[in-house]
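Chemist: this is the structure alone, sequence omitted:
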C-alpha cells in the first residue's frame, strides 16, 4: 500500500519536502521471509550499505518499496510494519532516527521562515 499526500490536499508551504522522497523498504529472502524493514531516501545506496555492513545481507533476494512525501509518514509506516510483521533482523528501534529527522526538518523550516521574514523586511526598506 502506498500512502502519499492526496491530490488537492492543502498544507502550509513551509511543509513542502517534495525535493526528496522517503521510502519504506522491506528485504525478503528467497523463501519470502521478511528480513529487515527500514527508511531511506535512496534505496539503492542503502542496499549497497547493507551489503557492505550487515552479515545477513547475503540472504536478501527481493525488496519492496513504499514511497512517501514526508519523513514522518515514512517513519510511522516503518514502525507499524516492524510491530506487525516482526522482521528477522530489526534489533533496535528507529525512534531516535525519527526524532533526529523531525528535529532537522523543524530547524530547516524555522530557518526558511526566518529567511522569508528577513527578505520581506528588506523589501519594505526604502
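Modeler: Done, it's in. Quick caveat: nothing in here was measured; it's all calculated off a predicted structure. Numbering: from 1, shown residues only.
Chemist: any weak-confidence spans in the protein?
Modeler: For the chain, the stretches with pLDDT under 70 are 1-19, 92-109, 126.
Chemist: which residues of it fall in helices?
Modeler: 43-53, 71-85, 95-124 (DSSP state H).
Chemist: any idea which of these is most buried?
Modeler: helix 71-85 (a mean of 17; mean count of other C-beta atoms under 10 Å). C-betas here are computed from N, CA, C, even on glycine.
Chemist: now for that one, which elements pack on it?
Modeler: Under the contact definition 3 or more C-beta pairs under 8 Å, 6 or more residues apart in numbering; DSSP states H and E, helix 71-85 sits against strand 22-28, strand 34-40, strand 62-68, helix 95-124.
Chemist: and those: which comes nearest residue 51?
Modeler: Closest to residue 51 of the helices and strands packed on helix 71-85 is strand 22-28 (C-beta to C-beta; 10.7 Å).
Chemist: neighbouring strands - and their directions - for the closest one?
Modeler: Applying DSSP bridges, strand 22-28 is found paired with strand 34-40 (antiparallel), strand 62-68 (antiparallel).
Chemist: quick check: residue 55 vs residue 40, distance?
Modeler: Separation of residue 55 from residue 40 (C-beta to C-beta, to the nearest Å): 20 Å.
Chemist: neighbour count for these two, which is higher?
Modeler: residue 40 (18 against 7; other C-beta atoms under 10 Å).
Chemist: would you mind listing the residues in contact with that one?
Modeler: 22, 23, 25, 46 (C-beta atoms under 8 Å, 6 or more residues apart in numbering).
Chemist: which of the strands paired with strand 22-28 is buried the deepest?
Modeler: Highest mean neighbour count of those: strand 34-40, a mean of 21 (counted as mean count of other C-beta under 10 Å).
Chemist: indicate which one of the helices of the chain is closest to residue 59.
Modeler: Distance to residue 59, taken as C-beta to C-beta, is lowest for helix 43-53 among the helices of the chain, at 10.5 Å.
Chemist: is it possible to get JSON lines of the strands paired with strand 22-28 that adds distance to residue 81?
Modeler: Shown next, in JSON lines, are these (distance: least, C-beta to C-beta, whole Å):
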{"stretch": "strand 34-40", "distance to residue 81": "5"}
{"stretch": "strand 62-68", "distance to residue 81": "9"}
